[in-house]
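Asker: Just the structure for this:
(one chain, ligands or ions: 1)
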Amino acid sequence: MNLHPDQPIGIFDSGVGGLTVAHAIKQLLPNEKLIYFGDTAHLPYGDKSKDAIVHYSSDIGKFLLNKGCKVVLMACNSASAVAYKEINKQVGEQTIVLNVIDPVVEYIADNFKQGKIGVIGTKATINSGAYEYRIKEIRDDLKVVALATPLFVPMIEEGFIFDNISNSIIQAYLSNEILNKINALILGCTHYPIIKNQINKYFNFEVEILDSSKIVADKLKFLLQVEELINPQQQPEHEFYVSDYTQHFNKIAKMFFEEPIRLLKANLWE
Ligand code: DGL
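Answerer: Below is the predicted model of the structure:
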């Protein structure tokens, strides 16, 4: 692998939710140029089969590689859960491939002495068992329970965030007895940081809520430092692509990235 600090960082998700991760990276690594791809034409990944998710992720991985990215970060839990191995096999010799699950698993292994950990995410992520499996691999003393909460994504995208509808849906899912007496809850979906405060409130601030965007950004910074790939340049111009463009995506992108951005259409499958 012959990578250079001035190459961009590629980030992809099924839609605009991965912008929560892009935002955390921008905050921590302000000199890095980001190239983001949201596969809005195939959203949601959470309800798709493994084959479909691998197929889309693989094409996006190649797109980011062709854009000269030194890193391809899968900022989507569903893709990370079912397609990481395949994508790493396909482009991992030419670029660094990262997923959003392993850094969280490592964080838990290093920071939790004992206890019960809950995971919430899409059906694809939860049905894959990726979090339980990977945590058990390194810390089989921890109890891990997982719950699919598929309504959270459309709820957030429709702007139901601080109201009775979101509170009712949050209450309906999180009161599931499987989550009784958890010590920490992993937000296993890149949309969920948007409702982190409400989830915190639901648990009376007694449960540690693990938001992968910050943990993943820290891990990326660490890796770039080790590989001497930190970009010293100033003021990068980021690029944001979506496979299907609508005004709605443009509007909600701002909520995830915390500043207005210009989405460009790039349909890799046309
Ligand atoms: N961003 C996806 C994830 O993190 C959720 C949205 C979807 O289902 O595509 O799993």
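Asker: pLDDT score assigned to P232?
Answerer: Predicted confidence (pLDDT) for P232: 89.
Asker: May I ask you to confirm that it is in contact with E32?
Answerer: No: using CB atoms under 8 Å, P232 is not in contact with E32; the gap is 10.3 Å. (Each C-beta comes from the backbone N, C-alpha and C, glycine too.)
Asker: Is the spatially closest residue to K33 that is not a sequence neighbour in a helix, a strand, or coil?
Answerer: Setting aside the residues directly before and after it, K33 is nearest to P236 in space (CB to CB, 6 or more residues apart in numbering), at 3.6 Å. Using DSSP: H, G, I helix; E, B strand; the rest coil, the structure places P236 in coil.
Asker: roughly how far apart are P236 and P44?
Answerer: Applying CB to CB, to the nearest Å, the value for P236 to P44 is 30 Å.
Asker: Mind checking which of those two has more residues around it?
Answerer: P44 (22 against 17; other CB atoms under 10 Å).
Asker: contacting residues around the more buried one?
Answerer: S14, G15, S78, T122, V153 (CB atoms under 8 Å, 6 or more residues apart in numbering).
Asker: what's near enough to touch the last one?
Answerer: What it means is V153. G17, P44, G46, T122, C189, H191.
Asker: returning to what we had before: what about P232 and E32, which has more around it?
Answerer: E32 (24 against 7).
Asker: For the lowest-mean-pLDDT helix or strand in the chain, report the contacting residues that lie outside it.
Answerer: Of the helices and strands making up the chain, the lowest-confidence element is helix 247-257, at a mean of 91, by mean pLDDT, DSSP states H and E. For helix 247-257, the surrounding residues in contact (CB under 8 Å, 6+ apart) are 15-20, 22-23, 38, 40, 157, 159, 191, 194, 240, 242, 260-263.
Asker: Okay, and which of those map to helices?
Answerer: Using DSSP state H, L19, T20, A22, H23, E157 are the members of these that sit in helices.
Asker: Any chance of those residues in a markdown table with neighbour count as columns?
Answerer: Listed next are those as a markdown table, based on neighbours: other CB atoms under 10 Å:
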| residue | neighbour count |
| --- | --- |
| L19 | 29 |
| T20 | 27 |
| A22 | 29 |
| H23 | 18 |
| E157 | 20 |
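Asker: quick one: which of those is nearest L185?
Answerer: In terms of CB to CB, no member of these lies closer to L185 than T20, at 16.2 Å.
Asker: If we check the ligand, which of the contacts of P44 are in contact?
Answerer: Among the contacts of P44, proximity to the ligand is found for S14, G15, S78, T122, V153 (CB under 6 Å from any ligand atom).
Asker: farthest-separated two in those?
Answerer: G15 and T122 (11.6 Å).
Asker: for the ligand, what are the nearby residues on the stretch 51-200 of the chain?
Answerer: C76, N77, S78, G121, T122, T125, V153, C189, T190, H191.
Asker: which among these gets closest to N88?
Answerer: Closest to N88, out of all of these and judged by CB to CB, is C76, at 14.8 Å.
Asker: List the residues that contact that closest one.
Answerer: F12, D13, S14, G17, G18, Y45, V100, T190.
Asker: neighbour-wise, which of those residues leads?
Answerer: T190 (33 neighbours).
Asker: wait, what's in contact with that residue?
Answerer: With CB under 8 Å, 6+ apart, T190 has these contacts: D13, G17, G18, T20, V21, A75, C76, N77, V100, S212, S213.
Asker: gap between the second one and the ligand?
Answerer: From G17 across to the ligand, the span is 4 Å (CB to the nearest ligand atom, to the nearest Å).
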